[in-house]
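**Q** Predicted structure and sequence below. I'll ask about it afterward.
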Amino acid sequence: MTKFVKSNEAVVMGALYAGCDLYFGYPITPASEIAHGAAKWFPMLGRTFVQAECETASVNMMFGAAGAGRLCMTATSGPGFSLMQEGISYLAGAELPAVVVNVNRAGPGLGNVYPEQSDYTPAVKGGGHGSYQTFTLAPASAQEMFDLTMKAFEMSVKWRTPAVVFADGLQGQMMETVALPEKEMPRPDFSDWAAQGEPRTRGNLVKSIYLDAAQQERFNNHLQEKYARMAADAMGEPYLADDAELLVVAFGISGRIARTTVEELRREGVKAGAFRPITLNPFPREQLAAVAKGRRIMTIELDAGQFADDVRLNLAKAGLGTEAASVKMVHRMGGEVVSVDGAVKFAKEMV
Amino acid sequence: MATIEQKGMYKVFPRSGKNVSFTHYCPGCGHGIINKLIAEACAELGLQDRTIFVDPVGCGVFTYYYWDAAHISAAHGRASAAATGVCRARPDAVTIAYQGDGDLGAIGFNNAFQAASRGEKFGCIFVNNSLYGMTGGQMAPTTLDGETTTTTPFGRDPALTGHPLHVCEVFAQLQAPVYIARVSVADTRRIMQAKKAIRKVFEIQRDGKGYALLEILAPCPTNFKMDPLKAADFCMNEMEREFPLGVFRDEEAREPLAARPVPRASSCRDLFVEKDAVLPAVDDAAFAEKRFKFAGYGGQGILSLGLCVAEAARLERRHTLWFPSYGPEQRGGSANCSVVVSGTPIGSPTVEHPDVLVCMNQPAYERFAGDVKRGGTVIVDETVPVKTDPPDGVRLIRWPAIKMAEEFGVPKAANTMMLAALKKFKCTGLSDDNLEKSLVASFKKKPALGEKNRELLRLAEAREHS
C-alpha cells in the first residue's frame, strides 16, 4: 500500500495512524498544507480540528487536550514555533505527551518562507524556560515525515514529554511515495494521571507548579534522570561510513544532500561516508562516535553552525576531542540550499 | 469543634503541603467565598465525577487544593485556550475555567474572547477584583479610574492607561455565548445571587448548551489596603458603579447548533489506501538515475507534466521524487518543478544538473539551459527564441508543443505535447506504456479527457520532426 504525497500531508497521515485525536493549529507558510490536510482528514475520521487564534492558543489548547488524556498535535514554522515555546515548557513541566511539527523557514524575524534549519537550538535544546527537553526527530523524506510523526507520538507517550518533528520548508513541499502500515496504533490509556471527566480520574491533577523549592528540585531531578534514559531511543543512519576517511554529518534535508555528496566524492575517488542523525534529541552520540573516530569531519547545514556546534559537543562528550576540534562546516542561509557541487568542492579541499 | 460541611471540597488540603483545612486566601477575599460556591454547585448538581476544572495563574492558582474534582493547571492567561482543548477532547465532561482579571482581561483576553466567539462548550468564571492579586496589587485592565495600585501609584490615569475594560459588555457583542452575567460576592444578598448564577453555569455545561461567562466582582482587602468591610463597601459602591451587575445574555433555552455533516471514512485505511495503489519501489542499481527539470509560466501545466513523469516512474517501481521550485527560484512568476527517478534511494532532492530540461518559456531556458548535464537533453518550445546554445554535448530539441496544442484545438494540452516529445525522443528511461498510463491516470476525475489526451499524445508523437 503506497501513496504519492506531499511530505507535509504525510505528517497528517502519520498522526492519524498514530491515533492523534485532535489538531490545533494556526496557519503559516511553509507548514500550511499540514493544517489543510488536518482540516479535511481529521473530521472525516470523526476526530477534531480546531483553527486556533494564534500559536499561543494552539499550544495551550494542546495542554488542555493532552491533560484531558488525548493525543494531540500542532504544526507551525519558525515564528509560530517561537510563540509556542512557553507552552512547550508547560507541556514538559506537566509531563504531557503532544507533538509539535516545525517546518523551518528562514529567519530571524519575518525572514522568508524558504528552507532553513536555523531553529536547531529551540527545536533540539528546549527553547522555552526551565531545564526541560523535547524528543526531537528530523525526517528527511515523505516516508520519514510519516514514520517519524508516528514515532514522535510513540516517544512522546513513552517519555511523557513533548516531541518535536523538525522539518524544513524544502522537504515540506516534496512529493514522494509513502508506504502505509497495515494498522493504526492503539490509543494509550492515560487514566492514571489525566483529567478525563470520569469517576476514575476525579482525583487526578495535571500541573507544572511546585511551590516548594525542594519539591521543585526533586521534580527537576526526576526529569533529568528521565531525559538521560531517553538516550536509549537515539537513532542515526551511517552511509558508506565503514572505510570512510571523510565523514559528512548532516540531518534532515541536508542529510540527503550529504548522501549525494558522498556518492559524488566516491565517484571522484575520495573515500567519503555520511552520518545522519534521525533523532536530534536524544542525539545519537554513540552511533556517531562509532563511525567518527579518526576521521575528518564536515557538516552540511542550513543555519549558522548551530548543528556543527552540537556535533562538536557530542564528539567531545564521547571522548573524541580531536575529531570535535576538526569539524568543518559548509552551510547556506536565507533559503539558499547547499549544492552538491559546493559540498563536493569543500570536501575535496579538506582531504 | 463542630465541623462545617464543605460540599464539593476536600475535607483537608494535603496538596497545599500541609494537612490543613483552611484556604490560602486572605481574610475578606472574594475568592474564598467564590471557591465555596463553585464547590457547592458542582457537588449539589452531582457533577464532581464529570467536572474538569482548568485553574489559572493568580490567586486562584491553588483551587486544586480545594475542589474535589479533576484539575488541569494552565499557564498564565491561557485557561480559556486550555479549556478549549479540554472540552474538545472530552465533550462529555463539564469543563470550567476559573480566571482572574489580569489573566483573562489582559494577557489572555484574546484567548478568552475567541473561545467565547467559537462558542466553546465550557463555563468561564471570571473573578474581577480590579487588580492583580497574587503578583502584588498591580493595575489590571479592570482597575478603576483613579484607583491606586502598585503600578498606578498616583491613581489610574485614563489619559495614559485608558478606562476600565468591561469584559461582559464586550463579550455580549458575540453571537455564540449562551449566558453572560455579572454578579458580586460583597454581601449576603449578592452571594445568594452569585450562587444561582454559578449553578446556571454548571447546568449549561451539564446539558452541553454552550459557552457561558460569569463575571464575579470580588473584594481584595489586602491590595485595596482596606479592612474586609471597607473592601466590601468599595466593591459594592465604586466597582459596581463602573461594572453594573446584571444578565447580559441568557439563551439557555436555545438549541445548540449541530455540526454540519462532512464525508466520513471508517478508518485510516478506508481514507488513504487507494485500490489501484502502485507497489513500492524496488532497488535496481542498473537503472541510471535521471534528473528532470520542467519550467515555464504558471498555467502551462508544468507542475502536472512533472507529476505525470513521476507517476510513470512509480508505475515502473522506481524511487521517485517530485518537488516544486523552492527558495529564490520561485521568484519571477515562473513555475518549475523537479523530478528525480532512481534505481536506488534518492539523496539530494535538488536538481542542479538536469539530464532532461523541458522549457516552455524564454526565462526558463535562459535560467536553466546552462546547467544541463553533458549527454543530457533540452526540449524547448518552438516559440522560445534560443539566443545561446546549450553546453557542449547537450542535445537541443525545439518542439512545437504550444502550436500543436492550438492546432488540435486544445491549447491547454501543450504539456501533453511536451510529454509526446519526451516519449518520442526516449528522454525518460521509462516505458511508453507507463508514460501513457500515467497521462490517462492524471485525468482520473475526467476519464474522457484522459483518452482525448492519449490520442493527442500519439498524434503529436507521430509528427515529423527535423
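**A** Received, thanks. Numbering: from 1, shown residues only, chains lettered A, B, ... in the order given.
**Q** CA only for contacts and neighbour counts going forward, please
**A** Will do.
**Q** if I look at B:Ala81, how far off is chain A?
**A** 5 Å (CA to the nearest CA, to the nearest Å).
**Q** Quick check: that residue touching A:Glu55?
**A** No - counting by CA atoms under 8 Å, A:Glu55 is not a contact partner of B:Ala81; they are 10.6 Å apart.
**Q** When the two are compared, which one has more neighbours?
**A** B:Ala81 (33 against 26; other CA atoms under 10 Å in any protein chain shown).
**Q** Report the contact partners of the more buried one.
**A** Shown in contact with B:Ala81 (CA atoms under 8 Å, 6 or more residues apart in numbering or on different chains): A:57-58, A:60-61, A:64, B:111-112, B:115.
**Q** For the stretch 51-200 of chain B, which segments are assigned as helices?
**A** B:63-66, B:79-89, B:101-102, B:109-118, B:158-161, B:167-171, B:188-206 (DSSP state H, counting those that start in this stretch).
**Q** Residues in a beta bridge with B:Arg249, which ones?
**A** On the basis of DSSP bridges, B:Arg249 is bridged to B:Ile180.
**Q** can you tell if stretch B:86-102 touches chain A?
**A** Yes - Stretch B:86-102 reaches chain A (CA under 8 Å from any CA of the partner chain) through B:86-90, B:92-94.
**Q** So what's the model's average confidence on that stretch?
**A** The average pLDDT for stretch B:86-102 rounds to 98.
**Q** coming back round to it: looking at the helices of the stretch 51-200 of chain B, which one is packed in the most?
**A** helix B:79-89 (a mean of 32; mean count of other CA atoms under 10 Å in any protein chain shown).
**Q** which parts of the stretch 1-150 of chain B sit against chain A?
**A** B:48-52, B:64, B:68-75, B:78, B:81-90, B:92-94, B:110-111, B:114.
**Q** and with 7 Å instead?
**A** Within the stretch 1-150 of chain B, the residues that sit near chain A (CA under 7 Å from any CA of the partner chain) are B:49-52, B:69-73, B:78, B:81-86, B:89-90, B:93, B:111, B:114.
**Q** How many neighbouring residues does the residue lying closest to B:Gln99 once chain neighbours are set aside have?
**A** For B:Gln99, the nearest residue in space outside its immediate sequence neighbours is B:Phe126; the separation is 4.9 Å by CA to CA, 6 or more residues apart in numbering or on different chains. Other residues near B:Phe126 come to 22 when the count uses other CA under 10 Å.
**Q** B:Phe126 bridge partners, please.
**A** Note on B:Phe126: beta-bridge partners B:Gln99, B:Glu215, judged by DSSP bridges.
**Q** That one contacts B:Tyr98, correct?
**A** Yes - using CA atoms under 7 Å, B:Phe126 is in contact with B:Tyr98, at 6.1 Å.
**Q** Can you give me the neighbour number for the residue nearest to A:Gly67 when sequence neighbours are not counted?
**A** Nearest residue to A:Gly67, sequence neighbours excluded (CA to CA, 6+ apart): A:Ala194, at 5.5 Å. Other residues near A:Ala194 come to 26 when the count uses other CA under 10 Å.
**Q** hmm, the longest strand seen in chain A in reach of chain B?
**A** Under DSSP state E, the strand in chain A containing the largest number of residues is strand A:99-106. No - applying CA under 7 Å from any CA, one finds strand A:99-106 separated from chain B by no less than 9.7 Å.
**Q** Can you give the strand pairings for the helix or strand following that strand, parallel or anti for each?
**A** The helix or strand immediately downstream of strand A:99-106 is strand A:112-115, counting by DSSP states H and E. Strand A:112-115 pairs in its sheet with strand A:99-106 (antiparallel), by DSSP bridges.
**Q** Just the CA atoms of the partner strand, as CSV, please.
**A** Below are the C-alpha coordinates for strand A:99-106, written out as CSV (Å, rounded to 0.1, in the frame of the first residue of the first chain):
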residue,chain,number,x,y,z
VAL,A,99,3.6,16.6,19.1
VAL,A,100,4.7,19.9,17.6
VAL,A,101,5.9,19.9,14.0
ASN,A,102,8.2,22.7,12.9
VAL,A,103,8.7,23.2,9.2
ASN,A,104,11.6,25.5,9.5
ARG,A,105,11.6,28.7,7.3
ALA,A,106,14.3,31.3,7.0
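**Q** Good, we can wrap up now.
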